[in-house]
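Enquirer: got a sequence here, can you model it:
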Amino acid sequence: MPESSAPEPADRTVLLTGAAGGLGTLMRGLLPSYGYTLRLLDMRPVDGEPEALVLDLSTATGDELRAAVRGVDAVIHLAGISLESTFEKILEANIRGTYALYEAARAEGVRRIVFASSNHAVGFTPVPGDGKGAAGAGGAPLIPVDTPRRPDTFYGLSKCFGEDLAQLYWDLHGTETVSVRIGSCFPEPTSVRMLSVWLSPADGARLFHAALTAENVGHTVVHGSSANTRLWWDLGPARALGYEPRDNSEPYAAQLIAEQGELDTARPDQAHLGGHFCTRPPSWPH
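Expert: Here you go, the predicted model:
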């Protein structure tokens, strides 16, 4: 949870899409302590939240979506398919759904969206150096946020679309977005690869808070992870928003390496930022 040195409470209402999902559930527990009142939305009921909106963004009417965003100060958009699936399913959930949300936000005058992009938008980017240590500590440079996009899946491709849509809505309509290329947000890292891209839930809340409150963001893309010793990508743009990560995956490293071995960049599934999404992506179960 945020410590006593956290910024002052925001006192804002935020629509949280994908509220029933893994990341949405974590943020439901963490963001209210920053002063946010959350309006919850998901395509399925949210456990313990009878007032949550149950809507499928890809099939909801324009009036339904406008009502969902009406009166909020900002949107955190987490909804969508978060693994690989067929292009048709990705198209409906992640592309049409994201467009529909942006259009409703534009129509209702919502000025700030935080879009959950993903490391898989740049998944075929080679990991820096041998991938085993801090890339910026005298070794290969950290991956910059303006690295060419190289999606590793249809899922990653949909995140590229979301970033471009955010840029378009900023240029055309003045809707601000922070696109956060999330690494892996779980209570603990579960793989050696994740040691480099892990975003602790507490740091995730800190990053979303910074993205919601920073001024003059236009469309800003940032990498989303904790301050990991084995960090692969540049957190400078996220820090420029006011993000101050406090967690590090290194306390989990010894046990994970003992169980799984060191990262081996000679292996195709460990040579790129997207990991096994580049070779055997996990399939969406629905």
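Enquirer: below-threshold pLDDT in the stretch 51-200 of the chain: ranges please.
Expert: In the predicted model, the stretch 51-200 of the chain carries pLDDT under 70 at residues 133-139.
Enquirer: the helices in it, which residues?
Expert: For the stretch 51-200 of the chain, the helices defined by DSSP state H, counting those that start in this stretch cover 62-69, 87-90, 97-108, 154-173, 194-197.
Enquirer: closest to Leu142 out of those?
Expert: Each of these was scored for nearness to Leu142 using CB to CB, and the closest is helix 194-197 (10.5 Å). (Each C-beta comes from the backbone N, C-alpha and C, glycine too.)
Enquirer: and of the helices of the stretch 51-200 of the chain, who's closest to Phe124?
Expert: helix 154-173 (8.6 Å).
Enquirer: quick one: contacts of the closest one?
Expert: Applying CB atoms under 8 Å, 6 or more residues apart in numbering, the contact partners of helix 154-173 are 80-87, 90-91, 94-95, 98-99, 102, 106, 113, 115, 117-118, 120-123, 149, 151, 175-177, 179, 181, 218-219, 221, 274, 277, 281.
Enquirer: mind listing what the closest residue to Glu49 other than its chain neighbours touches?
Expert: Computed as CB to CB, 6 or more residues apart in numbering, the closest residue to Glu49 that is not its neighbour in sequence is Leu40, at 5.4 Å. Counting by CB under 8 Å, 6+ apart, Leu40 makes contact with Leu16, Ala19, Gly24, Arg28, Val46, Glu49, Glu51, Ala52, Leu53.
Enquirer: isn't there a helix covering the third one?
Expert: Yes - the assignment for Gly24, made by DSSP: H, G, I helix; E, B strand; the rest coil, places it in a helix.
Enquirer: pretty sure it is touching Leu16, no?
Expert: Yes - checked against CB atoms under 8 Å, the pair Gly24 and Leu16 is within contact range at 6.1 Å.
Enquirer: what residues do the two have in common as contacts?
Expert: Contact criterion CB under 8 Å, 6+ apart; residues bridging Gly24 and Leu16 by contacting each: Leu40, Leu78.
Enquirer: looking at the two, which has the bigger crowd around it?
Expert: Per other CB atoms under 10 Å, whichever of Gly24 and Leu16 has more neighbours is Leu16, with 27 against 22.
Enquirer: can you classify that one by secondary structure?
Expert: strand.
Enquirer: now do the same contact list for it.
Expert: The contact partners of Leu16, taken as CB under 8 Å, 6+ apart, are Gly24, Met27, Arg28, Leu31, Leu38, Arg39, Leu40, Leu41, Val75, Ile76, Leu78.
Enquirer: at 6 Å instead, please
Expert: Leu16 makes contact with Leu38, Leu40, Ile76, according to CB atoms under 6 Å, 6 or more residues apart in numbering.
Enquirer: ok, now Ser200?
Expert: With contact taken as CB under 6 Å, 6+ apart, Ser200 is in contact with Ser226, Asp247.
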